[in-house]
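Enquirer: coords below, sequence missing:
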């Protein structure tokens, strides 16, 4: 089922998420809904709090449009190693129509649980590394705009408010 994606400045996006303690049918349904919602949006990642569920679950798929989808599911993900530096443009399904350059690690190693409850390790670089960092931030109530300078953040807030007002008038 496609779920509604919460958008900035919804306070639910700033809440820290609780670890998943048991992987059951409810968690598997959550992951299915998150994947459907992410692909429908379309996006390359989605964290549970973006649909109002405060559990440490993310889904990611960085494959291109013409490639076979490769959904990655990470339950209770933790970055256990990070190195290098990347400065790439990021966007977010919860902050439509805005992107900014964000400084991230170029490579990360993430440990998480899969849907069978087994520990898995993801070694990621490039877009996948950025996506993991971005989605794990969501689990801690951090948005990508929290990583930009205070001046850019203020410019964003003003521009974003006008954009949202324009969309409401058009809708």
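Expert: Right, received. Where do you want to start? Everything numeric here is computed off the predicted structure, so don't read it as measured data.
Enquirer: how about the worst-scoring helix or strand of the chain on mean pLDDT, which residues are buried there?
Expert: None of the helices or strands of the chain scores lower by mean pLDDT, DSSP states H and E than helix 150-170, at a mean of 84. Within helix 150-170, the residues scored as buried using 16 or more other C-beta atoms under 10 Å are 156, 160. For glycine as for every other residue, the C-beta is placed from the backbone atoms N, C-alpha and C.
Enquirer: same check, this time on stretch 75-93
Expert: Neighbour counts over stretch 75-93 (16+ other C-beta under 10 Å) mark 75, 76, 77, 79, 82, 86, 90, 92, 93 as buried.
Enquirer: quick one: the strands in this structure?
Expert: Here the chain has its strands, by DSSP state E, at 45-47, 57-60, 72-83, 86-92, 95-104, 107-113, 119-125.
Enquirer: please tell me how far the closest residue to residue 148 other than its chain neighbours sits from residue 21.
Expert: Computed as C-beta to C-beta, 6 or more residues apart in numbering, the closest residue to residue 148 that is not its neighbour in sequence is residue 100, at 5.1 Å. Using C-beta to C-beta, to the nearest Å, one obtains 35 Å as the distance from residue 100 to residue 21.
Enquirer: list the contacts of the residue most central in space within the chain.
Expert: For the chain, the residue nearest the mean C-alpha position is residue 135 (3.1 Å; C-alpha atoms, centre = their mean). When contacts are counted by C-beta atoms under 8 Å, 6 or more residues apart in numbering, residue 135 touches 45, 46, 47, 58, 60, 74, 77.
Enquirer: if you set the cut-off to 6 Å instead, what comes out?
Expert: Residue 135 sits next to 45, 47, 58 when contact means C-beta atoms under 6 Å, 6 or more residues apart in numbering.
Enquirer: and for residue 37?
Expert: Each residue near residue 37 by C-beta under 6 Å, 6+ apart is listed here: 2, 3.
Enquirer: nearest to residue 65 among the buried residues of stretch 75-93?
Expert: Proximity of the buried residues of stretch 75-93 to residue 65 (C-beta to C-beta) peaks at residue 93, which lies at 16.7 Å.
Enquirer: picking up where we left off before, tell me the one of the contacts of residue 135 nearest residue 1?
Expert: Nearest member of the contacts of residue 135 to residue 1, counting by C-beta to C-beta, is residue 47, at 17.3 Å.
Enquirer: tell me where the model's unsure across this protein.
Expert: 171 (pLDDT under 70).
Enquirer: one more pass at 80, please.
Expert: Scanning the chain with the threshold set as pLDDT under 80 gives 163-164, 166-168, 170-171.
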